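Asker: Sequence first, then the predicted structure:
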Amino acid sequence: MRFPTTGKGGEPDWASNDSVMSFDYPSSRVSSQKLEDSNIEQDNEAKRASIVTFCDIQSDDEDINEEFSGPEPDVSRPKKAPRLMTKKKGVCYRCSKGNRFTEKEVCLVCDAKYCSRCVLRAMGSMPEGRKCVACIGYPIDESKRGNLGKCSRMLKRLLNDLETRQIMKAEKTCEVNQLPSEYVCVNGRPLCNEELVTLQSCQRPPKKLKPGKYWYDKVSGLWGKDGQRPSQIISAHLNVGGPIKVNASNGNTQVHINGREITKGELRMLRLAGVQCAGNPHFWVNDDGSYQEEGQKNTKGYIWGKAGTKLVCAIFSLPIPSNSSSVSGEQVTDTLNRSIPAYLEQRTLQKLLLVGYSGSGTSTIFKQAKILYKDVPFTEDECQHIKSVIQSNVYRYLAILLEGREHFEDESVNALSMKRHSDESRKTGKVDGGDQKTLYSIPARLRAFSDWLLKIMASGNLEAVFPAATREYAPLIEELWNDAAIQATYKRRGELEMLPGVANYFLERAVDILKVDYEPSDVDVLYAEGVTSSNGLSCMEFSFPEAANDDNIDSNNQPDSLLRYQLIRVQAKGFGENCKWIEMFEDVRIVIFCVSLSDYDQYRVAETGELVNKMVLSKRFFESIVTHPTFDQMDFLLLLNKFDLFEDKVERVPLTECEWFDDFRPVVSLHRSSNNSSNINHNPSLGHLAFHYIAVKFKRLFSALTDRKLYVSMVRGLDPKSVDESLKYAREIVKWDEERPNFSLSEYSFYSTDASSISH
């Protein structure tokens with residue numbers, strides 16, 4: 001990614017002819033540098049014309065060939081072709097300055113080297129560590145694996161401690177940077193991805209695992225390189241690799257352990273430990289150190305039971321088991337299970353499933369629950385991620401505003417041209433097509449930045465550039481936001497369909513948010529888009545805080561300190577085949593289904609290609625969830641969300657905009673007050689009447705589908721008290737189900753709007 005050049009005072013020279021908006025795409029590059037730089041770039045690109053090649057494992061590098069020279073596995077991995085070295089050795093690959101002694105940062109993929117002035121622009125925000133923007137998504141050069149997570153002095157100077165820790169953590173944990181499974185061969189067989197995950201995630205994984213060939217004794221847990229003595233003891237009984245070979249460690253002692261001929265060092269250790277090795281015996285050794293001769297059932301002793309054995313192992317550089325190795329996994333599990341009585345075990349964790357159609361507010365409710373019930377709602381890493389997401393969103397909102405400004409400017413210019421054409425034709429018969437400025441015109445410097453930002457957004461590299469470049473462009477953003485043309489565009493934000501509703505909250509604070517020292521508040525987190533996966537699964541465990549004045553708590557019940565709840569949030573893109581995940585949640589106690597009340601006048605293109613009302617789409621999704629066999633006889637709590645927005649909108653937009661609500665005919669008092677939420681029973685507002693109407697519509701639908709009762713609660717996702725009351729209502733429903741109270745099941749109870757079935 002190439003950024004504009006720097007002018008006087010260290011500010012970007014957006015209006016300069018030498019600095020122009022250009023991008024490095026994965027397959028091509030649009031360059032606007034001077035002729036000398038352009039020639040170098042063209043030479044580099046001649047070598048990089050084919051970015052993705054498919055190479056066999058043995059062609060990666062010589063180090064891997066030395067350690068891993070077995071049969072070539074039938075796999076292919078995308079490799080990044082290294083850049084062609086520039087004409088002058090030692091210069092920066094971007095600015096072509098410096099020499100061999102200039103400190104540079106090297107790309108982990110393509111060997112490109114950048115000086116301290118260019119590294120942040122060439123590598124962007126480094127989501128996968130120290131890689132060029134064009135190299136993101138490609139595996140690293142295996143010869144550089146030893147440098148993963150080791151920060152250079154250059155980055156420590158350029159970035160603060162938190163930023164360097166984040167980059168190094170991403171570099172080590174990023175999926176594409178992990179060791180390829182086919183590079184690890186165990187007992188003569190390359191591992192698959194599942195086997196490598198099993199090996200690395202076990203209780204005692206191999207230390208400093210590198211590409212190569214290893215042997216593994218699955219019974220005792222002994223581990224070592226092919227042809228060498230054991231180097232460590234890992235978890236036993238892992239289903240990885242093939243069966244162990246007799247000559248795995250190249251032993252020549254004619255003494256065998258678990259089918260492997262041991263080395264001379266191991267034989268000396270056995271003799272010093274008191275193990276009788278006469279007659280070329282075959283031993284069977286377990287992971288706890290107990291051994292017996294093959295074909296016999298009696299345990300003859302424990303190899304590592306004596307203190308002197310550990311000293312002998314240290315002398316011969318042989319591994320010894322850790323203190324926890326003597327306790328098997330099954331024994332640990334049994335001990336933990338016995339610590340909680342069986343009759344309480346099933347009741348200690350109550351699972352609540354939170355689902356809803358896209359835009360229903362499940363993400364906000366989930367984040368609100370974390371803030372309410374967690375002492376530390378978000379870790380330091382999560383906070384840094386949230387900050388990055390919010391700042392990237394603000395740049396995206398600004399780009400949408402800039403697109404709207406261009407549209408409004410074109411409209412104004414066309415209107416002025418038509419008016420001038422009419423006036424001048426009437427007076428002189430000639431038309432002067434000079435440069436026309438309108439309310440939406442911006443200076444050339446801001447226009448250059450606007451064009452550059454829009455091109456970045458169009459290329460999809462917005463996250464790679466921002467917010468890493470926030471420090472450099474913060475003054476320009478402030479100037480842009482304060483410009484009269486941008487403010488005039490912002491006043492017409494209602495005409496910009498791509499601008500989400502939450503953008504107003506962040507754009508009005510854009511200057512403060514885009515500062516380097518910005519720290520998101522709880523409200524910022526609640527409003528932020530993209531903080532939680534919109535199509536993934538999130539869960540949190542929590543306990544409701546005990547309150548002395550809580551009338552809902554029955555002292556005769558099981559203490560709440562023993563009850564923990566797990567809130568599981570899943571949001572599907574649609575329904576049908578996309579709902580296969582619900583079969584995983586057959587053990588949840590209650591399904592909390594969220595519906596956005598304010599969606600009744602909004603439309604979305606369905607999977608069939610038709611334009612459908614979003615409330616109708618929520619209804620269809622509700623039907624597909626309710627009728628699924630997994631949730632048969634399960635309680636449902638319907639959360640009618642965004643009531644605050646709904647109450648204001650329904651006064652302006654009739655509820656009958658949704659075809660499902662075409663029979664809404666409320667009887668409204670002529671003397672009702674517009675602010676009467678405290679007395680909804682005697683003089684309800686139109687919003688409360690509409691809320692009860694929608695609640696009854698869903699209750700009747702639920703009854704027709706299941707012949708059961710639906711619980712309904714009003715909620716405002718941004719109000720912590722409202723979310724707390726709704727989740728406590730779900731807790732009470734779970735308790736009622738356990739106690740099985742004798743509630744009336746008459747037809748009236750299904751459609752009633754009293755407090756037993758609808759919570760405000």
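Answerer: Arrived safely, thanks for sending.

Asker: and residue 566, what is it in contact with?
Answerer: Under the criterion of Cβ atoms under 8 Å, 6 or more residues apart in numbering, the contact partners of residue 566 comprise 349, 350, 351, 352, 539, 540, 541. From N, CA and C alone the C-beta is placed, and that goes for glycine too.

Asker: need the contact list for the first one.
Answerer: Residues in contact with residue 349 (Cβ under 8 Å, 6+ apart) are 541, 564, 565, 566.

Asker: How much space separates it from residue 542?
Answerer: 11 Å (Cβ to Cβ, to the nearest Å).

Asker: got the residue ranges for the strands in the stretch 501-650 of the chain?
Answerer: 537-542, 564-570, 590-596, 603-605, 611-613, 635-641 (DSSP state E, counting those that start in this stretch).

Asker: next one: the stretch 51-200 of the chain
Answerer: For the stretch 51-200 of the chain, the strands defined by DSSP E, counting those that start in this stretch cover 52-55, 77-80, 105-106, 113-114, 184-186, 189-190.

Asker: strands paired with the last one, and their directions?
Answerer: What that stands for is strand 189-190. Here the strand partners of strand 189-190, with direction, are listed using DSSP bridges: strand 184-186 (antiparallel).

Asker: end-to-end on stretch 143-162?
Answerer: Chord length of stretch 143-162, first to last residue, is 27 Å (Cα to Cα, to the nearest Å).

Asker: what's near enough to touch the closest residue in space to residue 660 that isn't next to it in sequence?
Answerer: Of all residues not flanking residue 660 in the chain, residue 616 sits nearest, at 5.8 Å (Cβ to Cβ, 6 or more residues apart in numbering). Contacts were defined as Cβ under 8 Å, 6+ apart; by that measure residue 616 touches 658, 659, 660.

Asker: Quick check: residue 616 vs residue 718, distance?
Answerer: Separation of residue 616 from residue 718 (Cβ to Cβ) stands at 25 Å.

Asker: pLDDT below threshold where in the chain?
Answerer: Low-confidence segments of the chain, defined by pLDDT under 70, span residues 1-87, 307-308, 322-348, 423-436, 466-470, 532-536, 547-562, 571-583, 668-682, 739-760.

Asker: Out of the contacts of residue 566, who's the most crowded?
Answerer: Looking at the contacts of residue 566 with neighbours defined as other Cβ atoms under 10 Å, the largest count falls to residue 352 at 23 neighbours.

Asker: What strand or helix carries it?
Answerer: When elements are assigned from DSSP states H and E, residue 352 belongs to strand 349-356.

Asker: ok, then the element right after that strand?
Answerer: Toward the C-terminus from strand 349-356 - assigned by DSSP H and E - lies helix 362-373.

Asker: mind listing the helices for the stretch 601-750 of the chain?
Answerer: When assigned using DSSP state H, counting those that start in this stretch, the helices of the stretch 601-750 of the chain occupy the ranges 614-626, 643-649, 686-706, 720-739, 747-751.

Asker: Could you tell me which helix of the chain is the longest one?
Answerer: helix 380-427 (DSSP state H).

Asker: Helix or strand next in line after it, which one?
Answerer: If you walk from helix 380-427 toward the C-terminus, the next helix or strand you reach (DSSP H and E) is helix 444-459.

Asker: Buried residues, that following helix. List them.
Answerer: Within helix 444-459, the residues that count as buried by 16 or more other Cβ atoms under 10 Å are 445, 446, 447, 448, 449, 450, 452, 453, 454, 456, 457.

Asker: Would you agree the last one is in contact with residue 401?
Answerer: No: look at residue 457 against residue 401 with Cβ atoms under 8 Å: they stay out of range, at 11.6 Å.

Asker: Can you give me the distance of residue 652 to residue 175?
Answerer: Counting by Cβ to Cβ, the separation of residue 652 from residue 175 is 48 Å.

Asker: ok, and what's touching stretch 315-322?
Answerer: Outside stretch 315-322, the residues that touch it by Cβ under 8 Å, 6+ apart are 204, 221-223, 229-233, 265-266, 268-269, 287-289, 304, 309-310, 312-314.

Asker: So which of those residues sit within strands?
Answerer: 222, 223, 232, 233 (DSSP state E).

Asker: who's the last one bridged to?
Answerer: To tie it back to what came earlier, the one meant is residue 233. Each beta-bridge partner of residue 233 is listed here, defined by DSSP bridges: residue 222.

Asker: so what's residue 90 closest to, chain neighbours aside?
Answerer: Take residue 90 and drop its neighbours on the chain: the residue closest to it by Cβ to Cβ, 6+ apart is residue 100, 3.4 Å away.

Asker: ditto for residue 635
Answerer: Here the nearest residue to residue 635 in space, its sequence neighbours aside, is residue 590; by Cβ to Cβ, 6+ apart that works out to 4.7 Å.

Asker: Check whether that neighbour really touches residue 354, as I assumed.
Answerer: No: when contacts are counted by Cβ under 8 Å, residue 590 is not listed as touching residue 354 (9.9 Å).

Asker: Between these two, which is the more surrounded one?
Answerer: With other Cβ under 10 Å as the criterion, residue 590 and residue 354 differ in neighbour count, and residue 354 comes out ahead with 27 against 20.

Asker: If that one is in a bridge, with which residues?
Answerer: In this entry, residue 354 is beta-bridged to residue 569, residue 592, by DSSP bridges.

Asker: how close does it get to residue 666?
Answerer: In terms of Cβ to Cβ, residue 354 sits 31 Å off from residue 666.

Asker: For stretch 689-704, could you pull out the residues that count as buried?
Answerer: Residues of stretch 689-704 classed as buried under the neighbour-count rule (16+ other Cβ under 10 Å) are 689-699, 701-703.
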